[in-house]
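1. sequence and predicted structure are below.
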Amino acid sequence: MRAQTIKLGAFIAMALVISISAAPAKGQLQVKTDTGTVEGKTQGSARAFLGIPYAAPPVGDLRWKAPQRAAAWTGVRKATEFGARCMQWNVYDDMVFRDSGPSEDCLTLNVWAPAKESKARLPVMVWIYGGGFQAGGTSEPRQDGAKLTEDGVVVVSMNYRLGIFGFFALPELIAESGHNSAGNYGLLDQVAALQWVKRNIGAFGGDPDNVTIFGESAGSFSVSQLMASPLAKGLFQKAIGESGANFSGKTPEYAALEDSAKQNAEYMKTHFGTDSVKDLRSLSADKILDEVKKPESQRRGLGIVIDGYFLPRPVQTIFAEGEQNDVPLLAGWNHDEGSFAVAFAKPPLTAASIKELGAKEFGPKADEFFKLYPIGDNATAVRSWLDYSGDSFIGFGTWQWLEAQATTGKKATYRYRFDLAPPEDPTRPDGRWAFHSCEIEYVFGTLEWRIPDKWRAEDKALSAQVRKYWTNFAKKGNPNGEGLPKWPEYRPKADALVMFLNAESKAGKDDQRARYLFLKTAWEK
């Protein structure tokens, strides 16, 4: 009987070992970070860890302060739901969220890693969302990182403070900071998230020394700023910018810190009866947001300041002097970035109205402007105004960024233009063009979430191609790879080559350079 008992016990033990090894190991979904253990979930072919705090909640006395380290926890923290997005109102109708709603307690990030763990540490891609520094969040379906992991990378996305909670300075805030600066809190959040990645991503299978930051619109602006900031030095090794850079064009991109702080103080005294930081920190976030979101508010669009801390000087100055964080850069924009200016124009634009606008904008240089942006009939004029609006909004600044990095940087630079217009979306007035932000679903492989029945074979093929280009770049600083059209490095010269991403992607001569050289001259101070 004793021998039978031993044999039976051995059989049970062996069966238990086999059953554990055959099932997904629970340990794969439990990861220990420097603040505690998190438990994620399986999402398709990825492991998803959502809503992980990377900094303390910026509430109470931490409102309008640089991010602080998150408190440690005991036990296992569930990481299966997105954290709340940062305080904002419904700025953009095309943003769809899967979180609990806006909150000041929002400094969380997400990690997607391949479900099958790799023996080698994988490249890491850290996404920064757009939204004009006024809106956005990591829970948007189009920015879900699960699909990208199929190409052998770990994906991270973080929430960062927005609007008056993320970009706001007062004289008293400058005095209390300890580094004689204020504002740019949203950008400091991004640095804190990258520091968290440096400390913790190895536990998720990522390589902390092979990190690519990438972002769209305000996220791309952020990438250019992180390349310029001494605080971000060593936190990433490559950069991708999709539609935007903080290089000044027609209008200044920065406010002087002291001037911005004084203007904000006057605004707060007028609208809240005080500019005392203590009093303002005691107000509810909803009360502050309800006031600043009013159309007549002059403090809606709070922007980046030269704070002497995150940004010691303007981004373009730092690049011009070759003092940027010199990493390989891949950047570009979409063919129809200015489609909003046409789609939402009231009354509709005509050749006559556009000629008047161009003459007013460029005065004695208007004739040269119209050579590059021809009028002709109404259709030609509208196309030209769409091009000019896209250039002044996104194209010119992003071009300056590429030119600067290719000139003063020593690492490779690659430029693209996304030319394929997605299937027309009846919910978007500008949905028939390759509009601002339309490339996001292609990059993340999330085409199915929007207009799922309309995607064509060329959309799916381009999405697969773009994902390969982006992840190849994240792996080795070069987008090229087997089966892909050759993508040459970008050189700032007349015959510069650009990768045109389309149904049939190919590299070709820059067909916009003359426009940008003109705008550079026309807008020089």
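-> On my side now, so go ahead.

2. burial count for Lys65?
-> Applying the criterion other C-beta atoms under 10 Å, we find 19 residues in the vicinity of Lys65. Bear in mind the C-beta positions are built from the backbone N, C-alpha and C, glycine included.

3. that one contacts Pro57, correct?
-> No: the pair Lys65 and Pro57 fails to qualify as a contact (C-beta atoms under 8 Å) at a distance of 11.4 Å.

4. Ile304: what's it in contact with?
-> The neighbours of Ile304, taking C-beta atoms under 8 Å, 6 or more residues apart in numbering as the test, are 133, 167, 183-184, 187, 221, 225, 246, 253-255, 311.

5. span of stretch 267-283 from start to end?
-> Taking C-alpha to C-alpha, to the nearest Å, stretch 267-283 runs 15 Å from one end to the other.

6. need the residues that contact it.
-> For stretch 267-283, the external contacting residues (C-beta under 8 Å, 6+ apart) are 60-61, 63-64, 170, 172-173, 176, 264-266, 288, 291, 297-299.

7. buried ones among the residues you listed?
-> Among these, those buried by neighbour count (16 or more other C-beta atoms under 10 Å) are 63-64, 170, 172-173, 264-265, 288, 291, 299.

8. could I get the residues you listed in a markdown table, plus columns for pLDDT?
-> Written out in a markdown table, the entries for those read as follows (pLDDT from 0 to 100):
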| residue | pLDDT |
| --- | --- |
| Arg63 | 99 |
| Trp64 | 98 |
| Leu170 | 96 |
| Glu172 | 98 |
| Leu173 | 98 |
| Asn264 | 94 |
| Ala265 | 95 |
| Ile288 | 96 |
| Glu291 | 94 |
| Arg299 | 67 |
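
9. does Ala379 belong to a helix or a strand, and which?
-> helix 378-390 (DSSP states H and E).

10. what helices and strands are in contact with that helix?
-> helix 339-343, helix 351-362 (3 or more C-beta pairs under 8 Å, 6 or more residues apart in numbering; DSSP states H and E).

11. report the rounded mean pLDDT for that helix.
-> Averaged across helix 378-390, pLDDT comes to 97.

12. cool, and stretch 441-454?
-> When the per-residue pLDDT values of stretch 441-454 are averaged, the result is 92.

13. could you shift the numbering so residue one becomes 367, and keep it that way?
-> Got it, the first residue is 367 from now on, which makes the last one we talked about stretch 807-820.

14. how close does the residue lying closest to Glu805 once chain neighbours are set aside sit to Leu528?
-> The shortest distance from Glu805 to any residue that is not its chain neighbour, by C-beta to C-beta, 6 or more residues apart in numbering, is 4.5 Å, and that residue is Phe784. Distance, Phe784 to Leu528, by C-beta to C-beta, to the nearest Å: 25 Å.

15. compare those two (neighbour count), which wins?
-> The neighbour comparison of Phe784 against Leu528 (other C-beta under 10 Å) goes to Leu528, with 28 against 25.

16. per-residue pLDDT, that one?
-> According to the per-residue confidence, Leu528 scores 97 in pLDDT.

17. got the contact list for it?
-> 452-454, 497, 499-502, 552.

18. can you classify Leu475 as helix, strand or coil?
-> For Leu475, the secondary-structure state derived from DSSP: H, G, I helix; E, B strand; the rest coil is strand.

19. for His575, which three-state class applies?
-> No, residue 575 isn't His; it's Asp. The three-state assignment at Asp575 reads strand, by three-state DSSP.

20. so what's the residue count around the spatially closest residue to it that is not a sequence neighbour?
-> Once flanking residues are discounted, Asp575 sits nearest to Gln603: 6.9 Å by C-beta to C-beta, 6+ apart. As a burial measure, the neighbour count of Gln603 was computed by other C-beta under 10 Å and equals 20.

21. sorry, back to before: just curious, which of the buried ones among the contacts of stretch 633-649 is nearest to Gly797?
-> Checking those against Gly797 with C-beta to C-beta, the nearest one is Arg665 at 32.2 Å.
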